[in-house]
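Here is a sequence with its predicted model. Questions after.
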Amino acid sequence: MSIAAIIVAAGRGTRAGGDLPKQWQDLRGEPVIAHTFRALRPFVDNIVVVLHPNDQARWATLGLAADHMVSGGATRDASVRAGLAALENAAPDYVLIHDAARPLVSAAIITDVIAALAHHEGAAPAVPVTDALWTGTEGFVSGTQDRAGLYRAQTPQGFHYGAIVKAHAQMQESALDDVAVARAAGLDVAIVAGEERNLKITTADDFARANSMLGPEMDVRCGNGYDVHRFGEGDHVWLCGVKVPHGRSLQGHSDADVGMHAVTDAIYGALGMGDIGQHFPPSDPQWKGAASQIFLRHAVGLAAENGFQISNVDCTLVCEYPKVGPHQPAMKAALAEIMGLDADRISVKATTSERLGFTGREEGIAALATATLVKS
Ligand code: MG
C-alpha cells in the first residue's frame, strides 16, 4: 500500500495581511507550509509540493525534503493536476490532497481518511454545521436555512489515485474542491470526522487562533548536579541548609553543604552556565568557609535574570550517617526560603549505598540533584 500527499501551496492569498501569501507567513518561528509538511510527512511515502514559481527558492531554504516540487497552474484545479501528474511514475494507491494553509491537521484526521479509503474511492474530513444559518439581504435577515445535513469541508481529501486522476481529466469546468471533482465523476466520498483545530488560515484572526491552539510557548530546561565532600574532624555537617549534629564534619572550601552544591549545579546546568567552581573559584580566599546559600542565591538570581522560573528541584543525599529522614522537612523549608519557592516544589531524599563504596565506608557524602526551569 503506497500513499502520496499533494500539498497545494501555489495560491497568492494575502487576506491574512502582510506581503507574503498566508502559507509563507510565520507561525511560531516557521512558515505555515513547514508545519503542514511536518504534519503529513510521517503518514505518506511521497510528498508533492505544488508551489508558485516565485516561491521555489523560498521552499529550498526550509530544508524540507519533498519528493517532488512542481509549479502550480493558474487555478487550484490546475495546481492539483500538476501535482497528480508528478506522481505518475510512483503511481501510489492513495493520494491525499491537502491545503498548505491547514497546518494543524491532526494524525487522527489523516489516519481516518486513509482508513476510509479501504472501503471508499474517496474520503474527506468535515465538521457538521452547528450554528443557526440565515440568509440575509442588505444587512437584514431575510430567512433561515435548515442546517440538517450541512457540513464544513476540510482537507486532506483522499482518493484512490487512478480514480481521481481520471476524474480530474474528465472535469470541464472549475470545481470548488477535489471532492466536487470526484463526485462529478461518480466516485463515492465518505465523510470522516473533521476538527475545529484543522482550520484553514485565511485572515489575521486565523493566525491568532492557530497560535493559541498550539498552546503556550514554553521553554523547559533540565539540569543535573553531582557533588561529593569527604569527612574530617568536627561535630556537625551542613546538609541542604540545615546544621545536623554528627561525629564528624564535611571538609571543603565553603561550608561543604554537599546537597546545596548539587542543587546549585543543577540550576547552573539547566541554564547552560557553568558550575559553582566557575562562578566561585576555590582558589579565591573570599569564599573560604562561605555559607553555601551564597552560591544557591546566585544561581537562582541568574535563572531569574534569564527569564526562567524554577519549576522544581529534587536532591538525593547518599550516606549511611547521619540519618537524614528527621531533617527532611527542615531541609525543604531551608531550600524553599533561599530559592523563594513553595516547599512542595522541592524534594530532598536520602539513600544509603548498602555500605558499598566511599559513602558506604562513611568516608564522605555524595549528593545528586535535578532542576527543571521553565520560561513561558
Ligand atoms: Mg561542593
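Sure, I can see it. Numbers count the residues shown, from 1 in each chain.

pLDDT weak spots in the protein?
Counting by pLDDT under 70, the chain contains low-confidence ranges at 13-17.

give me the residue from it nearest the ion.
Residue of the chain nearest the ion, by CB to the ion: His261 (3.6 Å). C-beta coordinates here come from the backbone N, C-alpha and C atoms, glycine included.

how much space is there between that residue and Ala366?
Distance check for His261 against Ala366: by CB to CB, to the nearest Å, it reads 11 Å.

Which one's more surrounded, those two?
The neighbour comparison of His261 against Ala366 (other CB atoms under 10 Å) goes to His261, with 28 against 20.

hang on, the more buried one in a strand?
No - counting by DSSP: H, G, I helix; E, B strand; the rest coil, His261 is not part of a strand but helix.

For burial, what's the neighbour tally of Pro282?
Neighbour tally, Pro282, other CB under 10 Å: 12.

which ones are touching the closest residue to it other than its chain neighbours?
Excluding the flanking residues, the one nearest Pro282 by CB to CB, 6 or more residues apart in numbering is His253, at 4.5 Å. Listed by CB atoms under 8 Å, 6 or more residues apart in numbering, the contact partners of His253 are 282, 287-290.

likewise Ser2?
Ser2 touches 45-46, 90-94, counting by CB under 8 Å, 6+ apart.

Emit the PyMOL select command for whichever of these are buried.
Selection of the buried residues among the contacts of Ser2 in PyMOL, burial being defined by 16 or more other CB atoms under 10 Å:
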select buried, resi 46+92+94
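
can you list the contacts of Ser2 in JSON lines and add distance to the ion and secondary structure?
Shown next, in JSON lines, are these (distance: CB to the ion, whole Å; DSSP: H, G, I helix; E, B strand; the rest coil):
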{"residue": "Asp45", "distance to the ion": "55", "secondary structure": "coil"}
{"residue": "Asn46", "distance to the ion": "57", "secondary structure": "strand"}
{"residue": "Ala90", "distance to the ion": "61", "secondary structure": "coil"}
{"residue": "Ala91", "distance to the ion": "66", "secondary structure": "coil"}
{"residue": "Pro92", "distance to the ion": "61", "secondary structure": "coil"}
{"residue": "Asp93", "distance to the ion": "63", "secondary structure": "coil"}
{"residue": "Tyr94", "distance to the ion": "61", "secondary structure": "strand"}
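
Show the contacting residues for Leu302.
Counted by CB under 8 Å, 6+ apart, Leu302 has contacts 267-268, 271, 273.

10 Å instead, please
267-268, 271, 273-274, 279, 308 (CB atoms under 10 Å, 6 or more residues apart in numbering).

Those: which two are farthest apart?
His279 and Phe308 (16.5 Å; CB to CB).

Looking at the two, which has the bigger crowd around it?
Phe308 (22 against 16).

Now the more buried one. Nearest residue, chain neighbours left out?
With CB to CB, 6+ apart, the residue lying closest to Phe308 is Leu373, at 4.1 Å.
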